[in-house]
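K.L.:
please work out how this folds:
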Amino acid sequence: MARYTGPKTKIARKFGEAIFGDDKAFEKRNYPPGQHGNARRRGKKSEYAIQLMEKQKAKYTYGILEKQFRNMFKKATAAPGITGEVLLQLCESRLDNVVYRMGVAPTRSAARQLVSHRHMTVNGELVNVPSYNVKAGDVVAVREKSKSLETIDRSLSNSSNVYEWITWNSEKKEGTYVSIPARIQIPENINEQFIVELYSK
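P.N.:
Below you'll find the predicted structure:
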């Protein structure tokens, strides 16, 4: 399974925000990486550089590699609606992201691991593909054999986020992806229009 495995704090520092979640190392050094820190920064970024950075931020945030992300953009372009908004909705509909949003895992990479290690089901069927597209009305649950996992219990007890498009039943350890979120509901700080402009060149 292809995924980014490099240093995460360095990437977060590059974008100036903790895109991988809580990060104490980022809090201490929340300036761009590099030997000279902020001392030797170039002036104004070009339009292309800004667009590229926004695309990279979206890819790292959702844990998607270039080829897969480009395919998602093509899918978003073909779908009805605003391309940038549809692209983010496709990212939000990935199974690993839904598991993360439900609080079953503390990060998207942890959610990806839970899915690939066969701990999650969709509508009662075991699914181990992190990029699986969850549809409105689908029920995502922790597999019966995995309900006693300490990591899942710990994550659920620490989770306080509530999303309007997701419901969660703590007793059954299952949730429903009620609807596809509108752009205004998606909390990620991503300017999707820059991504559309970059791919449209």
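K.L.:
residue 113: which element?
P.N.:
For residue 113, the element it lies in under DSSP states H and E is helix 108-116.
K.L.:
what's in contact with that helix?
P.N.:
1, 3, 20, 61-63, 95-97, 99-100, 104-105, 120, 127-130, 132, 146, 151-152, 155 (Cβ atoms under 8 Å, 6 or more residues apart in numbering). C-beta here means a position set from N, CA and C on the backbone, and glycine is covered the same way.
K.L.:
now the residue sitting nearest the centre point of the chain: closest residue in space, sequence neighbours ignored.
P.N.:
By Cα atoms, centre = their mean, the chain has its centre lying nearest to residue 62, at 2.8 Å. Closest residue to residue 62 apart from its sequence neighbours, by Cβ to Cβ, 6 or more residues apart in numbering: residue 91 at 4.6 Å.
K.L.:
now do residue 66
P.N.:
Per Cβ to Cβ, 6+ apart, closest to residue 66 is residue 59, 7.0 Å.
K.L.:
how near is that neighbour to residue 97?
P.N.:
13 Å (Cβ to Cβ, to the nearest Å).
K.L.:
these two: which is more packed in?
P.N.:
Neighbour count, other Cβ atoms under 10 Å: between residue 59 and residue 97, residue 97 has more, with 22 against 19.
K.L.:
surely that one and residue 64 touch.
P.N.:
No: Residue 97 lies out of contact with residue 64 (Cβ atoms under 8 Å); the separation is 9.7 Å.
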